[in-house]
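S.K.: Got a sequence here, can you build the structure:
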Amino acid sequence: MIIDCHTHLNRYEESEPALLSDRYALLKAEMEQNEISYALVLSSYMVNDNRPGVDELLEVTGDDPQIGIVAGVSYQNYRASDLADLRLLLQNDKIKALKLYPGYEPFFVHDPRMRVVYEMAGEFGVPVMIHTGDTYNPKGRLKYSHPLQVDEVAVDFREVTFVICHLGNPWFLDAIEVIYKNENVVGDISGLTLGHFEERFERFMLQRLQEVVAFAGDPSSLLFGTDWPICDVGSYIRFVRNLGLNKEETDLILYKNTARVFNLDIGEATNA
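M.R.: Prediction:
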């Protein structure tokens, strides 16, 4: 089994389908081709023609048992009505987690404005995913997306599980220290490359991830994610299988850790 905890249905390039339904069909085809049992689809910090909001994602995916939705929260633009909408989605079990985008938006995750988001996550028992590290957009500001910032909220909100997305790339050791120190922090390995892993870069990244696992002692806090469509799914699966881990450790990364963190019914996904 494989669970991809980090995908999008955004349209990043003009060559990608304009219709959301067509992009959803591409994701489903990618999942079938690579034997992905379940995928989380993340909405963005902005909503426009190329970046669907949560309601659009819920509509296009319907009751698909292989898909879960994660709601992006905008630091700059959220209003009281947005928080009320999030609460309703959580009450009705429509979303699996919340996602923040520091770096893409100019804020530190420990900004007091975000406390209400963490309190809501704690109330409903859902993880908070946090963008860390490099930004796909060169206009992003890296001081906001350094993984050490996550330590601040992890300490203050012990009842909330935080996911360091992209494992802080390129600050891997900083990210794994935050994870090692805080039992309520895990990391996903999505978005480490663009498209396919090029051979030399894959060797470099394999060494970095092997160092991370060695530092942590085991891979029980690492989650498989790709950042599709930015990254190729098949290439990512091969990357994980090349880490040199045993089957039990590989399974932890590929699906068991994610199922635990997001409280997923993996039996339902298996039978889909």
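S.K.: Now do the same for the closest residue to His131 other than its chain neighbours: its pLDDT.
M.R.: Closest residue to His131 apart from its sequence neighbours, by CB to CB, 6 or more residues apart in numbering: Tyr101 at 4.8 Å. No exception for glycine: its C-beta is placed from N, CA and C like everyone else's. pLDDT for Tyr101: 98.
S.K.: give me every residue that touches Tyr101.
M.R.: 44-45, 72, 74-75, 131 (CB atoms under 8 Å, 6 or more residues apart in numbering).
S.K.: Same check on His6?
M.R.: Here His6 is in contact with 40, 42, 129, 165, 188, 190-191, 223, 225-227 (criterion: CB under 8 Å, 6+ apart).
S.K.: So which of those residues is the closest to Asn257?
M.R.: Leu223 (5.2 Å; CB to CB).
S.K.: Near the residue nearest to the closest one when sequence neighbours are not counted, how many other residues are there?
M.R.: Once flanking residues are discounted, Leu223 sits nearest to Asp188: 4.2 Å by CB to CB, 6+ apart. The number of residues packed near Asp188 is 26, by other CB atoms under 10 Å.
S.K.: that older thread, separation between the residue nearest to His131 and Asn77?
M.R.: Distance, Tyr101 to Asn77, using CB to CB, to the nearest Å: 11 Å.
S.K.: what touches both of the two?
M.R.: Joint contacts of Tyr101 and Asn77 (CB under 8 Å, 6+ apart) are Tyr45.
S.K.: and the next element down the chain from the helix or strand harbouring Val70?
M.R.: Secondary structure assignment for Val70, by DSSP states H and E: strand 67-72. Following strand 67-72 in sequence order, the next helix or strand is helix 80-91 (DSSP H and E).
S.K.: Give the other helices and strands that that following helix contacts.
M.R.: helix 115-124 (3 or more CB pairs under 8 Å, 6 or more residues apart in numbering; DSSP states H and E).
S.K.: Just the C-alpha atoms of the helix it packs on, please, in CSV.
M.R.: What follows is helix 115-124, C-alpha atoms only, in CSV (Å, rounded to 0.1, in the frame of the first residue of the first chain):
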residue,chain,number,x,y,z
ARG,A,115,-3.3,30.8,17.4
VAL,A,116,-7.0,30.4,16.6
VAL,A,117,-6.1,28.0,13.8
TYR,A,118,-4.0,25.8,16.1
GLU,A,119,-6.7,25.8,18.8
MET,A,120,-9.2,24.7,16.2
ALA,A,121,-6.9,21.9,15.0
GLY,A,122,-6.4,20.8,18.6
GLU,A,123,-10.2,20.8,19.2
PHE,A,124,-10.9,18.6,16.3
